[in-house]
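> Compute the structure for the input listed below.
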Amino acid sequence: MDIASQKILINKKAVFIAALGLVLAVIGFWDGLSNLVDRWIQREEYSHGFFIPILSLFFLWHRREALLKSFGQPSWVSLVVVLIAGLLLIIGELSAIFILTQIGFVLVLFGLVLALGGWSLSKVAFLPIAFLVFAIPMPYFIDAQLTWGLQLISSQIGTELLRLFGVYVYLEGNLIDLGNYQLQVVEACSGLNYLYPLLSLGFLAAYLFSAPFWQRAIIFLSTIPITVFMNSFRIAVIGVLVDNWGIEMAEGFLHFFEGWVIFMGCAVLLVLEIWLFDRLGKKRPVGDLLVVPEVKPAVVKKPYQGGFATVLVSVAVIALTATAIITIGDRQEEVVERKNLNAFPLQIGEWSAREDHLPSIVEQKLAVDDYLLADYRLSAKESINFYVAYYNSQRKGVSPHSPRVCIPGGGWLITDLQEVMVEHETLGTFPVNRITIEKGDFRQLGYYWFEQRGRRIANEYWMKWYLLIDAIVMNRTDGALVRVMTDFHRDEDLETAENRLKHFVTAAMNQLPEYVPGE
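Numbers count the residues shown, from 1 in each chain. You can find the predicted model right below:
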């Protein structure tokens, strides 16, 4: 056997081992990858995710000749990359923050490329693999905060555009008051439906547009203001139509106008931006503005010298990580004795309750292991809606749904949200989220927080952090969401409604530890 044929044989062995590593990585990262597909199916703003892997494979295929000529000496840095990916996988599994698992999978792909052909091969494969990041959804708790923030921005800009159109409006939170009609900028109107796919499209356009780097960077980053402006413009147009022809114009037109028409408008603005940049330089025909660039092979500083120890060790680490994840998945968590919430007293001091139940379809979506939903009354005008959602384990991504998402989903408008401190005679002072919501003429004030293994946490980021720590140290991920809401009557002030909440929380928290266990 001559040297050339031996080299090809060794490459084939390395490729086979790398392919085996990819299969093992899919097995180990399966929970995160399946969660990825679920989000693509369930959330409209992430439905473009199905196309990202296809485009990534296309770019790899387009670079196939450059890839074959870019094989260099395998790099042991691959081992570091694979170890970091394995750490992200374990943290993601324990904390149920699947974005860590999904990013870890992308890192595994980089690690395998480094182990297979070194830095020269990774330079050519970098962009197609990095493009996969645009298929990864944001975690729910970050998504919720982005949604709420974009709702506020879209409401404010939409209101200013309406005033430019000569329509007198009053803005309160996300509610645009036209006088005879009110427009509520709900979750679906935040603009996220367009932002995530347009970011992917902007990155793709920047890659296909042959221009200086600063121009391509502007094209990519401009997708954010384009999305916000077009979404605000949509709100303004709907406001003008409602002001002239009535609220029924929003009912049918909203669904038509907020979908592909707005997205296509964003895409047209992006193409127009590219055309304007081109006018400053080469002035090419429109059909030549976006083309897949030819990629040259990378400079191979250290030619491939045979052997496949690097890829073998990297794949061994992937195999060990996958085994560890399967072991973690099979590990039985500590079970803490507790009472079922259906036994929670319906009489707490002066408060008496009537128990209620969630619709079965909501129960299935929330995937709660136990819950309490009851209306406690002190008088005809003083009532509290008390909701506790308990989860035995949050290890597989099943965790309390943020009220920031659920409340707007029920048609309510969040007009104020801030963290405040509540004092309890025996539990001390702890943080809660105070939230004010409106729907039509109805107004409510509420508290919500997370009861997590003896901790009372308002911040969802800290909740996830302690979930990770307790999964490792205590072998527990049980926890609950606690929410108390009261009608906030127009003839009473905020302090009166809040005192009612505090009065009930003091009474209820004396009972809750038996049903939601602490340390």
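
> from the chain's centre, how far out does stretch 480-494 sit?
With Cα atoms, centre = their mean, to the nearest Å as the basis, stretch 480-494 stands 28 Å off its chain's centre.

> what do you get for stretch 452-468?
The chain centroid and the centroid of stretch 452-468 are separated by 18 Å under Cα atoms, centre = their mean.

> buried stuff in that stretch?
For stretch 452-468, a neighbour-count test (16 or more other Cβ atoms under 10 Å) marks 452-453, 455-458, 460, 463-464, 466-468 as buried. Every residue, glycine included, has its C-beta placed from N, CA and C.

> send the alpha carbons of that stretch over as CSV?
Output of stretch 452-468 as CSV, limited to C-alpha atoms (Å, rounded to 0.1, in the frame of the first residue of the first chain):
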residue,chain,number,x,y,z
GLN,A,452,-38.3,26.5,45.5
ARG,A,453,-37.1,24.1,48.1
GLY,A,454,-37.3,26.6,51.0
ARG,A,455,-36.5,29.7,48.9
ARG,A,456,-39.0,32.4,47.9
ILE,A,457,-37.7,33.8,44.6
ALA,A,458,-39.2,36.6,42.4
ASN,A,459,-36.5,36.7,39.7
GLU,A,460,-36.8,33.9,37.2
TYR,A,461,-33.1,33.9,36.4
TRP,A,462,-32.2,33.3,40.1
MET,A,463,-34.9,30.6,40.1
LYS,A,464,-33.1,28.8,37.3
TRP,A,465,-29.8,29.2,39.0
TYR,A,466,-30.9,27.7,42.3
LEU,A,467,-32.6,24.9,40.4
LEU,A,468,-29.2,23.9,39.0
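
> and it, average pLDDT?
Mean per-residue pLDDT for stretch 452-468: 89.

> what does it contact?
Contacting residues not belonging to stretch 452-468 are listed as 91, 94-97, 139, 141, 144, 394, 399, 402, 419, 427, 430-433, 449-450, 470, 474, 476-480, 517-519 [Cβ atoms under 8 Å, 6 or more residues apart in numbering].

> Just checking, which helix or strand succeeds the helix ranked longest in the chain along the chain?
Counting residues, the longest helix found in the chain (DSSP state H) is helix 98-130. The helix or strand immediately downstream of helix 98-130 is helix 140-164, counting by DSSP states H and E.

> ok now that next one, how far from the chain's centre?
Computed by Cα atoms, centre = their mean, the chain-centroid distance of helix 140-164 equals 17 Å.

> Measure how that helix sits relative to helix 98-130, angle-wise.
Orientation check (axes from the mean of the first three to the mean of the last three Cα atoms, to 10 degrees): helix 140-164 against helix 98-130 gives 70 degrees.

> and helix 140-164, what other elements does it pack with?
Applying 3 or more Cβ pairs under 8 Å, 6 or more residues apart in numbering; DSSP states H and E, we find helix 140-164 packed against strand 170-172, strand 175-177, helix 192-208, helix 223-245, helix 403-409, helix 460-473.

> ok, 6 Å please
Counting contacts by 3 or more Cβ pairs under 6 Å, 6 or more residues apart in numbering; DSSP states H and E, helix 140-164 is packed against helix 223-245, helix 403-409.

> Look up how far residue 45 lies from the residue nearest the centre of the chain.
Centroid-nearest residue in the chain, with Cα atoms, centre = their mean: residue 138, separated by 2.2 Å. The gap separating residue 138 from residue 45 is 9 Å, by Cβ to Cβ, to the nearest Å.

> Test my guess that residue 203 contacts residue 222.
No: contact between residue 203 and residue 222 fails when scored by Cβ atoms under 6 Å: they sit 11.7 Å apart.

> More neighbours: which of the two?
residue 203 (19 against 16; other Cβ atoms under 10 Å).

> Which residue, other than its chain neighbours, is closest to that one?
Using Cβ to Cβ, 6 or more residues apart in numbering and skipping the chain neighbours, the partner closest in space to residue 203 is residue 220 (5.5 Å).

> Name the SS class of the one you found, please.
Here residue 220 is recorded as helix under DSSP: H, G, I helix; E, B strand; the rest coil.

> Surely it and residue 206 touch.
Yes: with contact defined as Cβ under 6 Å, residue 220 counts as touching residue 206 (4.5 Å).

> for the record, mean pLDDT for stretch 70-82?
Taken as a whole, stretch 70-82 carries a mean pLDDT of 91.

> can you start the count at 38 instead of 1 from here on
Okay, residue one is now 38; in that scheme the one you just asked about reads as stretch 107-119.

> start to end distance for it?
Start and end residues of stretch 107-119 are separated by 21 Å (Cα to Cα, to the nearest Å).

> Next, the contact list for residue 519, please.
The contact partners of residue 519, taken as Cβ atoms under 6 Å, 6 or more residues apart in numbering, are 425, 486, 488.

> Tell me the most packed of these, by neighbour count.
Going by other Cβ under 10 Å, residue 488 tops those with 26 neighbours.

> How much space separates that one from residue 545?
Counting by Cβ to Cβ, the gap from residue 488 to residue 545 is 11 Å.

> now swap in residue 306 and tell me
Per Cβ to Cβ, residue 306 is found 52 Å from residue 545.

> where along the stretch 388-537 of the chain do the helices fall?
Along the stretch 388-537 of the chain, counting by DSSP state H, counting those that start in this stretch, helices occupy 397-403, 440-446, 497-510, 531-546.

> which one of those helices is the most hemmed in?
helix 440-446 (a mean of 20; mean count of other Cβ atoms under 10 Å).

> quick one, phi/psi of the residue nearest to the centre of the chain?
Backbone torsions for residue 175, taken as degrees, to the nearest 10, come to phi -70, psi 150.

> can you tell me which of the helices and strands packed on helix 177-201 the model trusts least?
Lowest mean pLDDT within those: helix 440-446, a mean of 71.

> Distance of the closest residue to residue 404 other than its chain neighbours relative to residue 72?
What sits nearest to residue 404 in space, not counting adjacent residues and going by Cβ to Cβ, 6+ apart, is residue 435, at 4.8 Å. To residue 72, residue 435 is 11 Å away according to Cβ to Cβ.
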